[in-house]
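A.B. asks: Okay, predicted coordinates and the sequence, questions at the end:
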Amino acid sequence: MSKPTLGVCYYPEHWPEERWESDAARMAEVGITYVRIGEFAWSKLEPRPGELDFGWMVRAMDTLGRHGLEVIVGTPTATPPRWMMDKHPDMVAVDANGRPRNFGSRRHYCFSHLGYREESARITRLLIEHVGQHPALGGWQTDNEYGCHDTTCSYSEAARLGFRTWLKARYGSIDALNEAWGNIFWSMEYNDFDQIDLPLLTVTEPNPNATLDFRRYSSDQVAAFNKVQFDLLKAARPDLPVIHNFMGRFTAFDHFEVAKTLDVASWDSYPLGHLDVSDESAEVKAQFMRQGEPDAQGLQHDIYRAVGRGRWWIMEQQPGPVNWASYNPDPLPGMARLWAWEAFAHGAEVVSYFRWRQYHSAQEQMHAGLLRPDSEPAPAYHEAMQVSRELAATGIAGEARKARVAIVYDYESEWAWEVQPQAKGFSHHAHVRAAYVPLRKRGVDVDILSAQTDTFEGYDLVIIPALFAWNDKLRTAIANYEGHLLIGPRTGSKTGNFTIPQALAPDLPRNMLDARVVRVDSTNPAVEVSVRGGGAVRHWRERLETRAAVEFEDVEGFPVLVSQGKLFYLAASGDRALMQRVIDRMLDEADLPTLNLPAGVRCRVRDGFRVYFNYGSTSATLTRADDETEYVVGSESMGPAGVTVARLAKAG
Amino acid sequence: MSKPTLGVCYYPEHWPEERWESDAARMAEVGITYVRIGEFAWSKLEPRPGELDFGWMVRAMDTLGRHGLEVIVGTPTATPPRWMMDKHPDMVAVDANGRPRNFGSRRHYCFSHLGYREESARITRLLIEHVGQHPALGGWQTDNEYGCHDTTCSYSEAARLGFRTWLKARYGSIDALNEAWGNIFWSMEYNDFDQIDLPLLTVTEPNPNATLDFRRYSSDQVAAFNKVQFDLLKAARPDLPVIHNFMGRFTAFDHFEVAKTLDVASWDSYPLGHLDVSDESAEVKAQFMRQGEPDAQGLQHDIYRAVGRGRWWIMEQQPGPVNWASYNPDPLPGMARLWAWEAFAHGAEVVSYFRWRQYHSAQEQMHAGLLRPDSEPAPAYHEAMQVSRELAATGIAGEARKARVAIVYDYESEWAWEVQPQAKGFSHHAHVRAAYVPLRKRGVDVDILSAQTDTFEGYDLVIIPALFAWNDKLRTAIANYEGHLLIGPRTGSKTGNFTIPQALAPDLPRNMLDARVVRVDSTNPAVEVSVRGGGAVRHWRERLETRAAVEFEDVEGFPVLVSQGKLFYLAASGDRALMQRVIDRMLDEADLPTLNLPAGVRCRVRDGFRVYFNYGSTSATLTRADDETEYVVGSESMGPAGVTVARLAKAG
Amino acid sequence: MSKPTLGVCYYPEHWPEERWESDAARMAEVGITYVRIGEFAWSKLEPRPGELDFGWMVRAMDTLGRHGLEVIVGTPTATPPRWMMDKHPDMVAVDANGRPRNFGSRRHYCFSHLGYREESARITRLLIEHVGQHPALGGWQTDNEYGCHDTTCSYSEAARLGFRTWLKARYGSIDALNEAWGNIFWSMEYNDFDQIDLPLLTVTEPNPNATLDFRRYSSDQVAAFNKVQFDLLKAARPDLPVIHNFMGRFTAFDHFEVAKTLDVASWDSYPLGHLDVSDESAEVKAQFMRQGEPDAQGLQHDIYRAVGRGRWWIMEQQPGPVNWASYNPDPLPGMARLWAWEAFAHGAEVVSYFRWRQYHSAQEQMHAGLLRPDSEPAPAYHEAMQVSRELAATGIAGEARKARVAIVYDYESEWAWEVQPQAKGFSHHAHVRAAYVPLRKRGVDVDILSAQTDTFEGYDLVIIPALFAWNDKLRTAIANYEGHLLIGPRTGSKTGNFTIPQALAPDLPRNMLDARVVRVDSTNPAVEVSVRGGGAVRHWRERLETRAAVEFEDVEGFPVLVSQGKLFYLAASGDRALMQRVIDRMLDEADLPTLNLPAGVRCRVRDGFRVYFNYGSTSATLTRADDETEYVVGSESMGPAGVTVARLAKAG
Ligand SMILES: [Zn+2]
Ligand SMILES: [Zn+2]
Ligand SMILES: [Zn+2]
């Protein structure tokens, strides 16, 4: 799997069967290896309950196989047919207003519904039976984009019953739950698990513990749902990879947990759509509307490399304008190539474009493909072909080089701060990004670690920003670590039961860090307080009681960055300038090499190559780095959307 | 009906019977001809089921008739009494959240409810029976402001059943529906019409076809509802006009369709209220808060002239501050006169002020009338009297002069782009306006044509902006047309089944226009790209593959305006400057005369008179046009809210 | 009760019993007199229906009493335990979308539910029985923060039935109701009280009368709910005060009415949280984020002094950052002292900090206390101690000096303008504030009067801004008053039945004020019209027909301030500059003394002392006033958050 290659998403059921042959031939011409099919085709496979038609799928796989293509078959469980609603009228997701959602689009099922979980097993078994031994079969995809359209948390009756069982298992007794949740606070004590309802439509916000546990429960149901399919697919074909296509920035469930029953993580990368719906400023959205935000994709790549334990794909790559954002710009010419190269540089095994041909009907008719609706090539067709040739020419293979810097990323922390932000909009992800971007601007590669990591060995610098609560593994990793640590604001400010730890945040042994957060000052992010020496703090500022060395302090005299040996603690949220200063300081402390990159340019090292990509809309000129011997793709002069690949003296 | 005259809306049931006489006398004094009554009086006519009291209405008509006034009797079906809810508990409209709406205001009925449709027939028959032969009867109004308060689409059980029947009639078989809707896309296929629910509360957006068909169905129910009353009223009094009072900018149903069972179209004109709730910028709202936006009324006038097939009224004319906008300013002195003159210039037969006397109680107590609550004259009382005298003095009659420029206006296109905007806020109406305003600034009169028009004969220039889908009549009109055509962005980009046409947009024969839209670039309207020569494109830009002549291109080199013979195609949404350039170019091509109007001044020709109205808040000086012989009202010097009427050398 | 003293809110049930002793000792050390307990402890007092445990509460009171502390026992009715929901499943509040709210936070009861009202009586009786004779008992608190989380209006079945009964009592016959409400308007007439539903989910806004009556009904239920507890508590211990802790700026019920069954009014003062959730501008929020808006607290103090008929407390005083606003800043050092001093200066008997120790769990874990979660003193601990010493040192006692200026404050007016604003955002409270602030900037003390006041004796100036409707008492007060009156815009513009009075607003006898409002011009507040001489009008402008003397007029020539003898009428909403001019003029007319205060500094006189507080974030220098003999706390030089107390020559 070490040779990176291309894929495409294809819907043979949308097109006349006579067109399949030429489609397959042209895919091969582009240089595509993998073709994903089937993930929305349940009504075509089983038009009525029990009435099966797998023939067309087998014929499609025959055709694709004849052209040397390998097929990833998706289980169609994200789109149960209409008749399924009659079998299980209560299977639908219920939203946070208590309204059952209706049939007519997709993802209209509740993860807690055991009847539907069994239906999902049934269709998976049928797929295995009918195409599981097909020679063109190259792997499986489970479902499609778990959590899309805000469906992770469902407030259904099935969820209510499931949640009670889950709580009983977690706490054992109702007294233990009352104690853990602090239910004495507002007479919220329960006498029995059967009294517990889902935390919705309460008069004011529910107990944060109740909500966080429901978030945990809901995340667990996604994992349980995936496991059903994974177990069946692995049992049938232990040799083939089981993959799920996650969505970047959908943090409602723990991707690390779900990936425990996956062989490969993949994600669906829509740089322009994601920027449009992001909370970036209007300026950033305008500046990068045709490219995507320069660090948004890289961070997701690094997250999914961690989620997939090294193995990851792009399952859906934006090829042109999409349909689902508020505005859907045409990408800069070359971006379909740049995005693919960027993914490969970060270690992707496969970049699969979505979709082969723009479909002229239904919800996504304005979503571009490699082909236009009239079957003529869209710009991305040629760009994909170019990538395919360049991959072959360079011979790039192997893995993304292990980074010397790592950042801890934790889904539970994202939930916790959503549950109780204290400062509106406070986000774990945003703090990870705030540390990630200044590293990337210095040309520094980054690895992502889950909060279940028990060793930091091999890293010179580890960063832990805005982590909800410590756990034993992470405590062990820290205790045994000899490198530099940067621990960010709010980290360790809660126990796992969402209470303030007795020793107060950051709740580290005094010999490690003699500091405690005695008070928090949360303010509108527009109100900034300058830091002596440059940059500013805003939004979240901690009042520290500390004997550690004060590295930075703000103009009001409050410590901002303190250190005790190799452990640094950042006691505030900073603006971009401050975060660059903090990161520069840490890189300096850890004696890590950096690059001198033009604005808008980023790079990543894989397999003895450093790949540069220019996200800027103007040309940029590279400075040759010491470890580079030659440019094998492009040159030091990069146009907008340009890609340059440098060979390194020593393979990474 | 060719002599324009005034009307007023009157509620005898609000006032002591002894006051009717003096009210009628003063109406006559103002110069009023028509008095609309009864449209909210059901509970006064039938206080309990079957318990009738039409005596007061007869007596009111007697009194009004004695003063030479003609009465328009409204059917009171917009306000079913409380007891009706007990007869038909399921008659209420259900909103897009699935919530039945309650009694206590108005329009609390669902157009799909057949039981209520029969009640509406019953009260119409009773009106015919009791006042249908009254000598003062001058016409009928059906219901009141169909669609007001967002009631066109109702998600009731009645609508669900009605929609299924409608779909069965449209598609014949469920397979045909699945095919037309592209239901294969996400396994949305139905096995049976009975499985189809209304498109609400789906997990993500429903199939655009499903939604558009529901919009069409809902529009059809309004037409069906109106037809019931029309048929009864026409059968009883073929000699009297049946009118409905539409609301400008309520586009949820097809006004052309509803008007098929009307003799006269009318609309309710509230220039200040409408500006307040419009999406105009804060600057425009501040600039024109006491006048209304200068082209908003004119466009509606032209639309309703088309809707009424030449016959149209203002049924409700704002006389002073209203009550229902966020802010309700006092109009500039003179506006109640200006608005009436503007309507007459656009061809109105009657301008009827709403209402006679400000009512001191209930929801609209802050809505001004011609009289104050204490029966003293409000400013509009005197302004109306002035209009009445000026009409008589000029002797203006006849019709609005047929324009040489026409714009196609299409309700379905408005629905379609709401269903699937692709660029947030993309609107057919806005594109019509964008073409209309620069024409009006050049003093050019405009006619509106429905998309069911089959000939463009008599026009030198026809504009078709942002039209959803072609139909056979319009194709015929284009094919046979010898004048200049300007076809706007997105036109013909869909088939009637909401799919991308095989030949791609604009889907015209190559010998007519050799151009196809191969990609769409939709962007935040704040991001503009300059066009060479002036103006800018933004929001919606099409990537054209074309052999037509490029007339305008943007600075990025994309064609903006192309031409092939007399057919021009505009491939983008433009800012005001660009739209003025495009329109100026078209006027030039078509060799159409223009006027040199001061900013804020507009004009319209009717019956040998050109009427100027000054929407500006400062004075303006007219340049006498070649075809004008004298000013019969006002002069070349126009104050704010000024009206000047010029006599033309040759009657138009 | 004349010696001001400190209190604290304490939750013994949150802490191990062995810690109570040291807590009590430290409270005494701080100088605290009153300790409020119990108001959220129902599940601890009655863990299961009928299973009682009052022992812990008795022991807690024993402990507190041993340290000389007096205990205020709260009835725990704001937090019914989970088992209560099984006894009364329909007891929950129903929101304006018709959704019952769930258990899991607090205030999940509907004030109309008679079953729960009886439960509230039962637990009150149990409290009386178990602790009613405890020697440490110092008073009672009923419930907690009535109306918090928008729970005054509940759309439950109980409310529906209660509302009908209430209407029957108010109107006697359905015809009288139809007449009073003007139901003829849109055929909204009822045949029977049983047809009346709650005014929610109507198609457009319901009749303002219906809504206002429902607001009145809902307010009455709060009063009725409180009366049940009050009657029991007073019967048991006539000697002890019954108090409720209101929330400032929660105007959904009539605090004057509720306080009829209270001995002492108290309110919960959270200056920073309240500023954050207020509608103040972003600039003001940034400027005062660590202090609170300078006049917001003072106005509430004055309101609650009136509500409590002279007797009032702060029951909950913000001590540090809170948890419930969007952003929760750290107060400026000294603010916990300043806020207490300000309250005492305005006449507070007790300032009670919320809470003793920050609780480490549940919803409010980020809400500071006098102690940190680790039991170390938070800054407010020391500030409270300082206040306690300063109070003793000055010997301040007595009452707040009676002011010479009064403003009429009326909850019903706030409801009325919410029901029918006519200008979006028009608010009675805002108009009271607009008059209050310029008075306070001149160092003028203000008393608040309810609209049920029947004499203005003793005041030199009375201000009545934006009052909904006159009543007989107020008419009497005006008729007999010989001082100066400033009557504000919109006052008297309605009858009590929400109709325009026949004589038009302001509906005063012509010999008193010969002026009538013939039209209202409501505009976006951003659009200002200058007033000759300074300042501007905006938002609400009345067109007056008047023979009174025009004092101020705007540049468009409309009268702004008119006078007839000592009665002044302000016919518009003004900006800050205009309001200062108007108030300065009135002070001048009434010959009232003013002070020269630095910006950000305010003051209030009590018991022969004038207390100054500096809300500014910079230092300020006082000018010694003529009536002051010495500074007994602080000096003329005030730092940020500074407090200076001057002794007056003559006690006030
Ligand atoms: Zn996707
Ligand atoms: Zn109307
Ligand atoms: Zn509180």
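C.D. replies: Everything's here; your move. Ligands and ions are numbered 1, 2, ... in the order given.
A.B. asks: switch to C-alpha atoms for all contacts and neighbour counts from now on
C.D. replies: Will do.
A.B. asks: how many other residues sit next to residue A:169?
C.D. replies: 10 (other CA atoms under 10 Å in any protein chain shown).
A.B. asks: go on, residue A:260?
C.D. replies: Using other CA under 10 Å, residue A:260 is surrounded by 17 other residues.
A.B. asks: now it: how far from residue A:214?
C.D. replies: Distance, residue A:260 to residue A:214, using CA to CA, to the nearest Å: 21 Å.
A.B. asks: Just give the nearest non-adjacent residue to the residue of the stretch 101-250 of chain A found nearest chain B, would you?
C.D. replies: The nearest approach of the stretch 101-250 of chain A to chain B comes at residue A:102, 4.6 Å away (CA to the nearest CA). Closest residue to residue A:102 apart from its sequence neighbours, by CA to CA, 6 or more residues apart in numbering or on different chains: residue B:202 at 4.6 Å.
A.B. asks: which residues does residue A:647 contact?
C.D. replies: Shown in contact with residue A:647 (CA atoms under 8 Å, 6 or more residues apart in numbering or on different chains): A:608, A:609, A:610, A:628, A:629, A:630, A:631, A:632.
A.B. asks: Identify the residue spatially nearest to the second one, adjacent ones excluded.
C.D. replies: Okay, so that is residue A:609. Per CA to CA, 6+ apart, closest to residue A:609 is residue A:647, 4.6 Å.
A.B. asks: Quick one, grab the pLDDT at the residue nearest to residue A:102.
C.D. replies: pLDDT for residue B:202: 97.
A.B. asks: For residue A:95, see how far away it is.
C.D. replies: In terms of CA to CA, residue B:202 sits 11 Å off from residue A:95.
A.B. asks: what do you get for residue A:88?
C.D. replies: According to CA to CA, residue A:88 stands 18 Å off from residue A:95.
A.B. asks: Which one's more surrounded, the two?
C.D. replies: residue A:95 (19 against 14).
A.B. asks: So, low pLDDT: which residues of chain A?
C.D. replies: Scanning chain A for pLDDT under 70 picks out A:1-2, A:651-652.
A.B. asks: which residues touch the longest strand seen in it?
C.D. replies: Of all segments of type strand in chain A, defined using DSSP state E, the longest is strand A:536-546. Here strand A:536-546 makes contact (CA under 8 Å, 6+ apart) with A:423, A:426, A:489, A:514-531, A:554, A:558-559, A:571-575, A:577-578, C:327.
A.B. asks: What count of nearby residues applies to residue A:282?
C.D. replies: For residue A:282, using other CA under 10 Å, the count is 11.
A.B. asks: quick one: it and residue B:526, what's the gap?
C.D. replies: Residue A:282 is 9 Å from residue B:526, by CA to CA.
A.B. asks: repeat for residue A:253
C.D. replies: 36 Å.
A.B. asks: Between the two, which is the more surrounded one?
C.D. replies: residue A:253 (25 against 10).
A.B. asks: on that earlier part again, for the longest strand of chain A, C-alpha coordinates in PDB please.
C.D. replies: In PDB, the C-alpha atoms belonging to strand A:536-546 read as follows (Å, rounded to 0.1, in the frame of the first residue of the first chain):
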ATOM      1  CA  ALA A 536      -1.900  39.800  22.900                       C
ATOM      2  CA  VAL A 537      -4.100  37.700  25.000                       C
ATOM      3  CA  ARG A 538      -7.900  37.600  24.800                       C
ATOM      4  CA  HIS A 539     -11.000  35.500  25.300                       C
ATOM      5  CA  TRP A 540      -9.500  33.200  28.000                       C
ATOM      6  CA  ARG A 541      -7.100  34.400  30.600                       C
ATOM      7  CA  GLU A 542      -6.200  32.500  33.700                       C
ATOM      8  CA  ARG A 543      -5.100  34.100  37.000                       C
ATOM      9  CA  LEU A 544      -2.200  31.900  38.100                       C
ATOM     10  CA  GLU A 545      -0.800  31.400  41.500                       C
ATOM     11  CA  THR A 546       2.700  30.200  40.700                       C
END
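A.B. asks: just how off-centre is it within its chain?
C.D. replies: The chain centre lies 29 Å from the centre of strand A:536-546; the measure is CA atoms, centre = their mean, to the nearest Å.
A.B. asks: give me the beta-bridge partners of residue A:605?
C.D. replies: Beta-bridge pairing of residue A:605 under DSSP bridges involves residue A:610.
A.B. asks: That one: neighbouring residues, count only.
C.D. replies: Neighbour tally, residue A:605, other CA under 10 Å: 27.
A.B. asks: again with residue A:177
C.D. replies: By the criterion of other CA under 10 Å, residue A:177 has 22 neighbours.
A.B. asks: helices or strands up against the helix or strand containing it?
C.D. replies: Using DSSP states H and E, residue A:177 maps to helix A:174-181. Other helices and strands packing on helix A:174-181, by 3 or more CA pairs under 8 Å, 6 or more residues apart in numbering or on different chains; DSSP states H and E, are helix A:157-171.
A.B. asks: which non-adjacent residue is nearest residue A:520?
C.D. replies: Distances taken as CA to CA, 6+ apart put residue A:542 closest to residue A:520, at 4.6 Å, once the chain neighbours are dropped.
A.B. asks: What's the separation between that neighbour and residue C:617?
C.D. replies: Residue A:542 sits at a distance of 21 Å from residue C:617 (criterion: CA to CA).
A.B. asks: out of those two, which sits in the busier spot?
C.D. replies: Shown here are residue A:542 and residue C:617; by other CA under 10 Å, residue A:542 has more neighbours (23 against 16).
A.B. asks: can you give me how far stretch A:637-649 is from the chain middle?
C.D. replies: The chain centroid and the centroid of stretch A:637-649 are separated by 26 Å under CA atoms, centre = their mean.
A.B. asks: ditto for stretch A:387-396
C.D. replies: That offset, for stretch A:387-396, works out to 27 Å (CA atoms, centre = their mean).
A.B. asks: ditto for stretch A:600-613
C.D. replies: Taking mean C-alpha positions (CA atoms, centre = their mean), stretch A:600-613 and its chain are 21 Å apart.
A.B. asks: Can you give me the end-to-end span of that stretch?
C.D. replies: With CA to CA, one end of stretch A:600-613 sits 8 Å from the other.
A.B. asks: repeat for stretch A:349-365
C.D. replies: 29 Å.
A.B. asks: And chain B, is it touching that?
C.D. replies: Yes: residues of stretch A:349-365 contacting chain B under CA under 8 Å from any CA of the partner chain: A:360, A:361, A:362, A:363, A:365.
A.B. asks: Please name the bridge partners of residue A:9.
C.D. replies: Counting by DSSP bridges, the residues bridging with residue A:9 are residue A:36.
A.B. asks: Tell me which residues touch it, please.
C.D. replies: Residues near residue A:9 by CA under 8 Å, 6+ apart: A:35, A:36, A:37, A:315, A:316, A:352, A:353, A:354, A:355, A:356.
A.B. asks: Buried ones among these?
C.D. replies: Among the contacts of residue A:9, those scoring as buried are A:35, A:36, A:37, A:315, A:316, A:352, A:353, A:354, A:355, A:356 (criterion: 16 or more other CA atoms under 10 Å in any protein chain shown).
A.B. asks: in the longest helix seen in chain A, what's buried?
C.D. replies: As assigned by DSSP state H, the longest helix anywhere in chain A is helix A:208-236. Residues of helix A:208-236 classed as buried: A:208-230, A:232-234 (neighbour count, 16+ other CA under 10 Å).
A.B. asks: Grab the two from the residues of stretch A:349-365 next to chain B that are most spread out in space.
C.D. replies: A:360 and A:363 (9.4 Å; CA to CA).
A.B. asks: The two: who's more crowded?
C.D. replies: Neighbours were counted for residue A:360 and for residue A:363 using other CA under 10 Å; residue A:363 has more, 26 against 22.
A.B. asks: top of the contacts of residue A:647 by neighbour count?
C.D. replies: Going by other CA under 10 Å, residue A:609 tops those with 28 neighbours.
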